[in-house]
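> this is the structure alone, sequence omitted:
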(Lines give C-alpha, C1' and ligand atoms only; values in the text may rest on other atoms or scores of the structure.)
Protein backbone atom coordinates (compact mmCIF):
# COMPACT_ATOMS: atom_id res chain seq x y z
CA UNK A 1 0.00 0.00 0.00
CA UNK A 2 1.12 3.42 -0.73
CA UNK A 3 1.27 6.18 1.78
CA UNK A 4 -1.78 7.86 0.27
CA UNK A 5 -3.87 4.69 0.59
CA UNK A 6 -2.89 4.40 4.25
CA UNK A 7 -3.93 7.99 4.86
CA UNK A 8 -7.23 7.48 3.06
CA UNK A 9 -7.93 4.34 5.12
CA UNK A 10 -6.99 6.21 8.28
CA UNK A 11 -9.28 9.10 7.35
CA UNK A 12 -12.09 6.66 6.46
CA UNK A 13 -11.80 4.95 9.83
CA UNK A 14 -11.71 8.28 11.66
CA UNK A 15 -14.77 9.50 9.72
CA UNK A 16 -16.56 6.26 10.52
CA UNK A 17 -15.69 6.65 14.20
CA UNK A 18 -16.84 10.27 14.16
CA UNK A 19 -20.11 9.33 12.45
CA UNK A 20 -20.73 6.65 15.04
CA UNK A 21 -19.91 9.07 17.86
CA UNK A 22 -22.18 11.70 16.31
CA UNK A 23 -25.04 9.21 15.98
CA UNK A 24 -24.61 8.24 19.64
CA UNK A 25 -24.56 11.91 20.60
CA UNK A 26 -27.71 12.61 18.60
CA UNK A 27 -29.47 9.65 20.23
CA UNK A 28 -28.47 10.93 23.66
CA UNK A 29 -29.84 14.36 22.76
CA UNK A 30 -33.12 12.81 21.60
CA UNK A 31 -33.30 10.83 24.84
CA UNK A 32 -32.54 13.99 26.82
CA UNK A 33 -35.24 15.95 25.01
CA UNK A 34 -37.73 13.16 25.60
CA UNK A 35 -36.86 13.07 29.28
CA UNK A 36 -37.20 16.85 29.56
CA UNK A 37 -40.60 16.73 27.83
CA UNK A 38 -41.71 14.01 30.22
CA UNK A 39 -40.61 16.09 33.20
CA UNK A 40 -42.36 19.16 31.82
CA UNK A 41 -45.53 17.15 31.31
CA UNK A 42 -45.30 15.80 34.86
CA UNK A 43 -44.83 19.32 36.24
CA UNK A 44 -47.74 20.59 34.18
CA UNK A 45 -49.93 17.75 35.49
CA UNK A 46 -48.87 18.51 39.08
CA UNK A 47 -49.61 22.20 38.59
CA UNK A 48 -53.05 21.40 37.15
CA UNK A 49 -53.72 19.12 40.11
CA UNK A 50 -52.62 21.78 42.59
CA UNK A 51 -54.77 24.40 40.88
CA UNK A 52 -57.76 22.08 40.99
CA UNK A 53 -57.10 21.40 44.68
CA UNK A 54 -56.95 25.14 45.30
CA UNK A 55 -60.24 25.65 43.46
CA UNK A 56 -61.84 22.87 45.50
CA UNK A 57 -60.52 24.39 48.71
CA UNK A 58 -61.85 27.80 47.68
CA UNK A 59 -65.29 26.32 46.96
CA UNK A 60 -65.24 24.55 50.33
CA UNK A 61 -64.18 27.76 52.07
CA UNK A 62 -66.90 29.75 50.29
CA UNK A 63 -69.51 27.18 51.32
CA UNK A 64 -68.39 27.40 54.94
CA UNK A 65 -68.49 31.20 54.83
CA UNK A 66 -72.01 31.06 53.39
CA UNK A 67 -73.08 28.75 56.23
CA UNK A 68 -71.48 31.10 58.74
CA UNK A 69 -73.32 34.06 57.21
CA UNK A 70 -76.60 32.15 57.48
CA UNK A 71 -75.89 31.37 61.13
CA UNK A 72 -75.04 35.00 61.85
CA UNK A 73 -78.28 36.07 60.16
CA UNK A 74 -80.17 33.54 62.31
CA UNK A 75 -78.50 34.87 65.45
CA UNK A 76 -79.41 38.42 64.39
CA UNK A 77 -83.08 37.39 64.07
CA UNK A 78 -82.98 35.78 67.52
CA UNK A 79 -81.42 38.91 69.02
CA UNK A 80 -84.07 41.01 67.32
CA UNK A 81 -86.84 38.78 68.67
CA UNK A 82 -85.34 38.88 72.18
CA UNK A 83 -85.01 42.66 71.98
CA UNK A 84 -88.66 43.02 71.00
CA UNK A 85 -89.67 40.67 73.81
CA UNK A 86 -87.55 42.63 76.29
CA UNK A 87 -89.08 45.94 75.16
CA UNK A 88 -92.58 44.49 75.47
CA UNK A 89 -91.70 43.17 78.93
CA UNK A 90 -90.30 46.50 80.07
CA UNK A 91 -93.34 48.24 78.61
CA UNK A 92 -95.67 45.83 80.41
CA UNK A 93 -93.84 46.40 83.70
CA UNK A 94 -94.02 50.16 83.21
CA UNK A 95 -97.74 50.03 82.44
CA UNK A 96 -98.32 47.77 85.46
CA UNK A 97 -96.39 50.13 87.75
CA UNK A 98 -98.24 53.21 86.41
CA UNK A 99 -101.59 51.41 86.73
CA UNK A 100 -100.85 50.33 90.30
CA UNK A 101 -99.78 53.88 91.22
CA UNK A 102 -102.93 55.36 89.70
CA UNK A 103 -105.27 52.84 91.28
CA UNK A 104 -104.08 53.46 94.85
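Received, thanks. Small disclaimer: the values here were computed from a predicted structure and weren't measured.
> can we go C-alpha only for contacts and neighbour counts from here?
OK.
> can you list the weak-confidence ranges in this protein?
1 (pLDDT under 70).
> at 50 instead, please
Residues of the chain meeting the criterion pLDDT under 50: none.
> so which residues of it form helices?
3-103 (DSSP state H).
> give me the most central residue, the protein.
With distances taken as Cα atoms, centre = their mean, residue 54 lies nearest the centre of the chain, 2.5 Å away.
> ok, it to residue 47 distance?
In this view, residue 54 and residue 47 are 10 Å apart by Cα to Cα, to the nearest Å.
> what do these two both touch?
When contacts are counted by Cα atoms under 8 Å, 6 or more residues apart in numbering, residue 54 and residue 47 have no shared neighbour.
> report the contact partners of residue 70.
Contacts for residue 70 (Cα under 8 Å, 6+ apart) come out as none.
> same thing but 10 Å
When contacts are counted by Cα atoms under 10 Å, 6 or more residues apart in numbering, residue 70 is found next to 64, 76.
> same question for the one 10 residues further on.
When contacts are counted by Cα under 10 Å, 6+ apart, residue 80 touches 74, 86.
> how much space separates it from residue 39?
According to Cα to Cα, residue 80 stands 61 Å off from residue 39.
> also residue 95?
As for residue 95, its distance to residue 39 is 83 Å (criterion: Cα to Cα).
> repeat for residue 68
Note on residue 68: its distance to residue 39, by Cα to Cα, is 43 Å.
> one more: residue 70?
From residue 70 across to residue 39, the span is 46 Å (Cα to Cα).
> same check, this time on residue 82
In terms of Cα to Cα, residue 82 sits 64 Å off from residue 39.
> repeat that for residue 71.
Taking Cα to Cα as the measure, residue 71 falls 48 Å from residue 39.
> same deal with residue 99?
Remark: distance between residue 99 and residue 39 (Cα to Cα) = 89 Å.
> cool, residue 78 as well?
Counting by Cα to Cα, the gap from residue 78 to residue 39 is 58 Å.
> next one: residue 98
87 Å.
> could you do residue 56 as well?
From residue 56 to residue 39 the distance is 25 Å (Cα to Cα).
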